[in-house]
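>>> Structure here, sequence nowhere to be found:
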């Protein structure tokens, strides 16, 4: 007799099967419009390469061998030469599996984040790029250095299952504490870890996005291209009217009376604030913004951006029980 899988966390065999969906992402990742044939591309991502691109202010992590001493002497500030590189590049997938992600009527945000991260990682390998990841839990994180191998993807998948299962267990046992990573701390750690010349995907609900995050987002945008993957549940966007909702875990639960119009309005305003803030940062950073609703097929959203057209299969990918 087959036992039904626990839906409260992501299972590694399901995440491995995400490689089939990744095969459909033919335009992942998006490259500079000036690029032509595969293997002859010059990417908009900056790093060491074959052809001189520009001179800019020296930044921590830049190769000291590329310092432009003439410009440095003239301006009295260190400058470095930047070269356009070939298409292969490191891609960092930052995945938020903190307590705020343990919510969803159909699929939990934390589980959706794992599916998206795994699919993006498989797409990296398919495209001959280097896949790396930083997975954040309540008060811990795991770094997987970017490599062009299936082993790297499997390391990411193993971390995704471990962190999501640990989060689910903490909720079940009521052992969560207030000592948890903030989004600001996540971005600060990511900036410390990530080197220049990359593409960065941030998968989160951005529940605690605030002005303190701006500094680190701007710093990350200086060393790579930013892609926001915003995950939300429809109840976070708009509450149903005239219903009593029970929200919480095994340790603590609260009842929400959605007949309270003022409460509904405030709830919707908070969601709108986060979305407006994300769109503001998308514009300022020249970033991509992909929105994923938990009860919609995440692969369709990825297909719209990287598949060259809509996914004809509207059903959610099936995972074995």
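The structure has been received and is ready for your questions. In this text, all values refer to a predicted model and were calculated from it rather than measured experimentally.
>>> where does the stretch 201-321 of the chain dip in pLDDT?
Across the stretch 201-321 of the chain, the ranges flagged by pLDDT under 70 are 242-257, 259, 308-321.
>>> in it, which spans are helices?
211-223, 234-237, 261-285, 298-306 (DSSP state H, counting those that start in this stretch).
>>> May I have the secondary structure class of residue 28?
coil (DSSP: H, G, I helix; E, B strand; the rest coil).
>>> Check the helices of the stretch 201-321 of the chain for me and report the most buried one.
Highest mean neighbour count of the helices of the stretch 201-321 of the chain: helix 298-306, a mean of 20 (counted as mean count of other Cβ atoms under 10 Å). For every residue, glycine as well, the C-beta is placed using N, CA and C.
>>> Any idea how far that helix is from the middle of the chain?
14 Å (Cα atoms, centre = their mean, to the nearest Å).
>>> and it, what does it pack onto?
helix 109-126, strand 288-293 (3 or more Cβ pairs under 8 Å, 6 or more residues apart in numbering; DSSP states H and E).
>>> List the single closest residue to residue 100 in space, sequence neighbours excluded.
residue 207 (4.4 Å; Cβ to Cβ, 6 or more residues apart in numbering).
>>> separation between the one you found and residue 271?
10 Å (Cβ to Cβ, to the nearest Å).
>>> same deal with residue 303?
25 Å.
>>> Same check on residue 99?
For residue 99, the distance to residue 271 - Cβ to Cβ - is 18 Å.
>>> ok, the closest residue to residue 226 other than its chain neighbours - how many residues close by?
Leaving out its chain neighbours, the residue that sits closest to residue 226 by Cβ to Cβ, 6+ apart is residue 287, at 3.9 Å. Per other Cβ atoms under 10 Å, the neighbour tally for residue 287 reads 19.
>>> ok, longest strand in this structure?
strand 224-232 (DSSP state E).
>>> Mind listing the strands that one pairs with, and their directions?
Next to strand 224-232 in the sheet, as set by DSSP bridges, lie strand 198-204 (parallel), strand 288-293 (parallel).
>>> what's the most buried one of those?
strand 198-204 comes out most buried of those by mean count of other Cβ under 10 Å, with a mean of 24.
>>> Identify the residues contacting that one?
29, 45, 47, 89-96, 101, 113, 116-117, 120, 146, 183, 186-187, 190, 194, 220, 223-231 (Cβ atoms under 8 Å, 6 or more residues apart in numbering).
>>> And for stretch 7-14?
With Cβ under 8 Å, 6+ apart, stretch 7-14 has contacts from 5, 102, 107-108, 110-111, 114-115, 118, 157-158, 160-161, 164-165, 167-168, 171-172, 319-320.
>>> And it, end to end?
11 Å (Cα to Cα, to the nearest Å).
>>> I'd like the mean pLDDT over it, please.
Average pLDDT, stretch 7-14: 96.
>>> what about it, distance to the chain center?
The answer for stretch 7-14 is 18 Å, by Cα atoms, centre = their mean.
>>> Helix, strand, or coil at residue 195?
Assignment for residue 195 (three-state DSSP): coil.
>>> Any idea how many residues pack against it?
15.
>>> Pretty sure it sits against residue 61.
Yes: here residue 195 reaches residue 61: they are 5.2 Å apart, a contact under Cβ atoms under 8 Å.
>>> Mutual contacts of these two, please.
With Cβ under 8 Å, 6+ apart as the test, residue 195 and residue 61 both reach residue 223.
>>> Using the record's assignment, carve the protein into domains.
As recorded under automatic domain parsing, the domains making up the chain are 12-32+87-306, 46-84.
>>> and those domains, which is most packed in?
Highest mean neighbour count among those (mean count of other Cβ under 10 Å): domain 12-32+87-306, a mean of 18.
>>> So residue 144: helix, strand or coil?
Applying three-state DSSP: residue 144 is strand.
>>> okay, it: pLDDT?
On the pLDDT scale, residue 144 gets 96.
>>> With residue 133 instead?
94.
>>> Now do the helix or strand harbouring it and strand 198-204, the angle between them.
Using DSSP states H and E, residue 133 sits within strand 130-136. Relative orientation of strand 130-136 and strand 198-204, computed by axes from the mean of the first three to the mean of the last three Cα atoms, to 10 degrees: 30 degrees.
>>> now for strand 130-136, which elements pack on it?
strand 90-96, helix 109-126, strand 141-147, helix 150-173, helix 183-193.
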